[in-house]
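Q: below: sequence and its predicted model.
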Amino acid sequence: MKIGEFVSIKINVVVDFDNLEQSRDVFSGCAVGYCMLGTTRKDAGADGFVKVDHDYIMSVAKLSKDSNCRQFHLISTSGANKNSPLLYTQVKGQVEEEVTSLGFDQLFIYRPGLLLRRERSRFVERVAIGLMKPVTYFKPSWNQIKTEHVALCLIAKSFQLGKGSEATTQIVNNDEMYKTATSFAE
(Lines give C-alpha, C1' and ligand atoms only; values in the text may rest on other atoms or scores of the structure.)
Protein backbone atom coordinates (compact mmCIF):
# COMPACT_ATOMS: atom_id res chain seq x y z
CA MET A 1 0.00 0.00 0.00
CA LYS A 2 1.32 3.47 -0.87
CA ILE A 3 0.69 6.75 0.89
CA GLY A 4 -0.84 8.10 -2.34
CA GLU A 5 -3.77 5.73 -1.86
CA PHE A 6 -4.87 7.91 1.07
CA VAL A 7 -5.18 11.11 -0.96
CA SER A 8 -8.76 10.75 -2.18
CA ILE A 9 -10.86 12.41 0.51
CA LYS A 10 -14.61 12.91 0.45
CA ILE A 11 -15.70 15.99 2.36
CA ASN A 12 -19.06 17.46 3.35
CA VAL A 13 -21.25 14.62 2.22
CA VAL A 14 -24.65 14.80 3.90
CA VAL A 15 -26.32 11.45 4.58
CA ASP A 16 -29.49 10.27 6.30
CA PHE A 17 -28.25 7.94 9.02
CA ASP A 18 -31.70 6.37 9.33
CA ASN A 19 -31.40 5.33 5.66
CA LEU A 20 -27.64 5.03 5.33
CA GLU A 21 -27.87 2.17 2.83
CA GLN A 22 -29.13 4.74 0.30
CA SER A 23 -25.74 6.46 0.57
CA ARG A 24 -23.68 3.32 -0.07
CA ASP A 25 -21.87 5.03 -2.97
CA VAL A 26 -20.36 7.56 -0.54
CA PHE A 27 -18.31 4.71 0.96
CA SER A 28 -17.00 3.26 -2.30
CA GLY A 29 -13.29 3.64 -2.89
CA CYS A 30 -12.45 4.63 0.68
CA ALA A 31 -9.26 2.97 1.87
CA VAL A 32 -9.46 4.66 5.29
CA GLY A 33 -12.60 5.32 7.32
CA TYR A 34 -13.10 7.51 10.37
CA CYS A 35 -16.06 7.21 12.73
CA MET A 36 -16.45 9.91 15.34
CA LEU A 37 -20.19 9.74 15.88
CA GLY A 38 -21.55 10.21 19.35
CA THR A 39 -24.12 11.90 21.51
CA THR A 40 -25.21 11.87 25.15
CA ARG A 41 -28.24 10.61 27.02
CA LYS A 42 -28.93 14.20 28.03
CA ASP A 43 -29.08 15.35 24.40
CA ALA A 44 -30.82 12.31 22.87
CA GLY A 45 -32.35 10.26 25.70
CA ALA A 46 -31.37 6.64 26.34
CA ASP A 47 -32.93 5.30 23.13
CA GLY A 48 -31.46 8.10 21.03
CA PHE A 49 -28.05 7.53 22.58
CA VAL A 50 -28.12 3.82 21.62
CA LYS A 51 -29.38 4.71 18.14
CA VAL A 52 -26.47 7.07 17.49
CA ASP A 53 -23.67 5.45 19.47
CA HIS A 54 -24.47 1.88 18.45
CA ASP A 55 -26.80 1.61 15.47
CA TYR A 56 -25.43 4.46 13.38
CA ILE A 57 -21.82 3.57 14.13
CA MET A 58 -22.41 -0.07 13.22
CA SER A 59 -24.10 0.98 9.96
CA VAL A 60 -21.11 3.13 9.05
CA ALA A 61 -18.64 0.38 9.97
CA LYS A 62 -20.51 -2.31 8.01
CA LEU A 63 -20.86 -0.15 4.90
CA SER A 64 -17.19 0.75 5.16
CA LYS A 65 -16.18 -2.89 5.42
CA ASP A 66 -18.52 -3.90 2.57
CA SER A 67 -16.86 -1.20 0.46
CA ASN A 68 -13.42 -2.69 1.06
CA CYS A 69 -12.22 -0.06 3.51
CA ARG A 70 -8.94 -1.46 4.81
CA GLN A 71 -8.22 0.83 7.73
CA PHE A 72 -10.95 1.96 10.14
CA HIS A 73 -10.63 4.47 12.99
CA LEU A 74 -13.24 4.47 15.77
CA ILE A 75 -13.54 6.99 18.58
CA SER A 76 -14.77 5.22 21.70
CA THR A 77 -14.14 6.18 25.32
CA SER A 78 -11.88 5.33 28.22
CA GLY A 79 -13.55 2.68 30.33
CA ALA A 80 -15.45 1.11 27.41
CA ASN A 81 -16.68 -2.28 28.59
CA LYS A 82 -19.60 -4.28 27.19
CA ASN A 83 -20.25 -5.64 30.72
CA SER A 84 -20.39 -2.22 32.38
CA PRO A 85 -23.50 -1.37 34.42
CA LEU A 86 -23.33 2.14 32.92
CA LEU A 87 -25.13 2.51 29.60
CA TYR A 88 -22.50 4.85 28.11
CA THR A 89 -19.46 2.64 28.67
CA GLN A 90 -21.49 -0.53 28.00
CA VAL A 91 -22.62 0.62 24.54
CA LYS A 92 -19.11 1.82 23.70
CA GLY A 93 -17.73 -1.60 24.70
CA GLN A 94 -20.36 -3.44 22.64
CA VAL A 95 -19.57 -1.32 19.59
CA GLU A 96 -15.83 -1.94 19.97
CA GLU A 97 -16.42 -5.69 20.04
CA GLU A 98 -18.83 -5.65 17.08
CA VAL A 99 -16.62 -3.44 14.93
CA THR A 100 -13.62 -5.65 15.75
CA SER A 101 -15.56 -8.71 14.58
CA LEU A 102 -16.00 -7.13 11.12
CA GLY A 103 -12.34 -7.91 10.41
CA PHE A 104 -10.86 -4.70 9.04
CA ASP A 105 -7.24 -5.10 7.89
CA GLN A 106 -6.38 -2.44 10.45
CA LEU A 107 -8.65 -1.17 13.19
CA PHE A 108 -7.71 1.67 15.50
CA ILE A 109 -9.93 2.13 18.55
CA TYR A 110 -9.30 5.40 20.37
CA ARG A 111 -10.21 5.66 24.04
CA PRO A 112 -9.95 9.31 25.00
CA GLY A 113 -10.68 10.61 28.45
CA LEU A 114 -12.59 13.83 28.91
CA LEU A 115 -12.66 15.70 25.59
CA LEU A 116 -11.61 19.33 25.92
CA ARG A 117 -13.61 21.10 23.26
CA ARG A 118 -13.65 24.75 22.38
CA GLU A 119 -17.19 25.13 21.19
CA ARG A 120 -19.40 23.17 23.56
CA SER A 121 -18.54 21.87 26.95
CA ARG A 122 -21.12 20.62 29.38
CA PHE A 123 -21.43 21.87 32.97
CA VAL A 124 -20.11 18.60 34.44
CA GLU A 125 -17.16 18.70 32.02
CA ARG A 126 -16.32 22.27 33.06
CA VAL A 127 -16.38 21.27 36.74
CA ALA A 128 -14.22 18.19 36.08
CA ILE A 129 -11.71 20.24 34.10
CA GLY A 130 -11.44 22.72 36.97
CA LEU A 131 -10.93 19.97 39.53
CA MET A 132 -8.28 18.22 37.41
CA LYS A 133 -6.20 21.35 36.71
CA PRO A 134 -3.60 20.75 39.45
CA VAL A 135 -2.90 17.21 38.19
CA THR A 136 -2.98 18.07 34.49
CA TYR A 137 -0.48 20.88 35.04
CA PHE A 138 2.15 18.19 35.69
CA LYS A 139 0.69 15.48 33.42
CA PRO A 140 -1.27 17.09 30.55
CA SER A 141 -2.56 13.79 29.18
CA TRP A 142 -4.07 12.56 32.44
CA ASN A 143 -7.69 11.62 31.79
CA GLN A 144 -8.38 14.47 29.36
CA ILE A 145 -7.39 15.50 25.85
CA LYS A 146 -7.98 18.41 23.50
CA THR A 147 -10.08 17.58 20.45
CA GLU A 148 -7.24 19.00 18.33
CA HIS A 149 -4.92 16.33 19.77
CA VAL A 150 -7.48 13.62 18.96
CA ALA A 151 -7.57 14.80 15.34
CA LEU A 152 -3.76 14.92 15.06
CA CYS A 153 -3.50 11.41 16.49
CA LEU A 154 -5.99 10.05 13.94
CA ILE A 155 -4.02 11.63 11.12
CA ALA A 156 -0.72 10.26 12.44
CA LYS A 157 -2.12 6.75 12.92
CA SER A 158 -3.56 6.82 9.39
CA PHE A 159 -0.03 6.60 8.08
CA GLN A 160 0.71 3.37 9.96
CA LEU A 161 0.20 1.14 6.99
CA GLY A 162 -0.33 -2.53 7.73
CA LYS A 163 2.01 -5.14 6.40
CA GLY A 164 0.96 -8.74 6.01
CA SER A 165 -2.41 -10.32 5.63
CA GLU A 166 -3.44 -10.71 9.26
CA ALA A 167 -5.96 -8.22 10.61
CA THR A 168 -4.70 -6.03 13.44
CA THR A 169 -6.53 -4.06 16.09
CA GLN A 170 -4.83 -1.33 18.08
CA ILE A 171 -6.36 0.20 21.19
CA VAL A 172 -5.05 3.75 21.60
CA ASN A 173 -5.50 5.12 25.11
CA ASN A 174 -5.61 8.75 26.15
CA ASP A 175 -1.91 8.99 27.06
CA GLU A 176 -0.77 7.43 23.77
CA MET A 177 -3.14 9.72 21.84
CA TYR A 178 -1.55 12.76 23.48
CA LYS A 179 2.03 11.57 22.86
CA THR A 180 1.28 10.65 19.23
CA ALA A 181 -0.40 13.99 18.57
CA THR A 182 2.31 16.12 20.12
CA SER A 183 5.15 14.25 18.39
CA PHE A 184 3.27 14.37 15.05
CA ALA A 185 2.75 18.13 15.38
CA GLU A 186 6.48 18.79 15.86
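A: Structure received.
Q: what sits against the residue nearest the centre of the chain?
A: With distances taken as C-alpha atoms, centre = their mean, the chain has Ile75 as the residue nearest its mean C-alpha position (1.4 Å). Contact partners of Ile75, counting by C-beta atoms under 8 Å, 6 or more residues apart in numbering, are Cys35, Met36, Gly38, Tyr110, Pro112, Val150. For every residue, glycine as well, the C-beta is placed using N, CA and C.
Q: next, give phi and psi for the second one.
A: In this case it means Met36. Here is the backbone geometry of Met36 (degrees, to the nearest 10): phi -120, psi 30.
Q: write down the beta-bridge partners of Phe108, one by one.
A: Beta bridges link Phe108 to His73, Gln170, judged by DSSP bridges.
Q: what about it, neighbour count?
A: 22 (other C-beta atoms under 10 Å).
Q: what does Ala156 give?
A: Burial measure for Ala156: 15 neighbouring residues, criterion other C-beta under 10 Å.
Q: Asp18 too?
A: Here the number of neighbours of Asp18 (other C-beta under 10 Å) works out to 10.
Q: confirm that it sits in a helix.
A: Yes: using DSSP: H, G, I helix; E, B strand; the rest coil, the secondary structure at Asp18 is a helix.
Q: so how far is Ala31 from it?
A: Asp18 is 27 Å from Ala31, where distance means C-beta to C-beta, to the nearest Å.
Q: Ser78 in helix, strand or coil?
A: What three-state DSSP gives for Ser78 is coil.
Q: how many other residues sit next to the nearest residue to Arg41 once chain neighbours are set aside?
A: Excluding the flanking residues, the one nearest Arg41 by C-beta to C-beta, 6 or more residues apart in numbering is Phe49, at 4.8 Å. Residues lying near Phe49 (other C-beta under 10 Å) number 19.
Q: list the buried residues of the helix or strand hosting Phe49.
A: In the assignment (DSSP states H and E), Phe49 maps to helix 41-50. The neighbour-count check on helix 41-50 (16 or more other C-beta atoms under 10 Å) flags Phe49, Val50 as buried.
Q: residues in contact with that helix?
A: Thr39, Thr40, Lys51, Val52, Leu87, Tyr88, Val91, Arg122.
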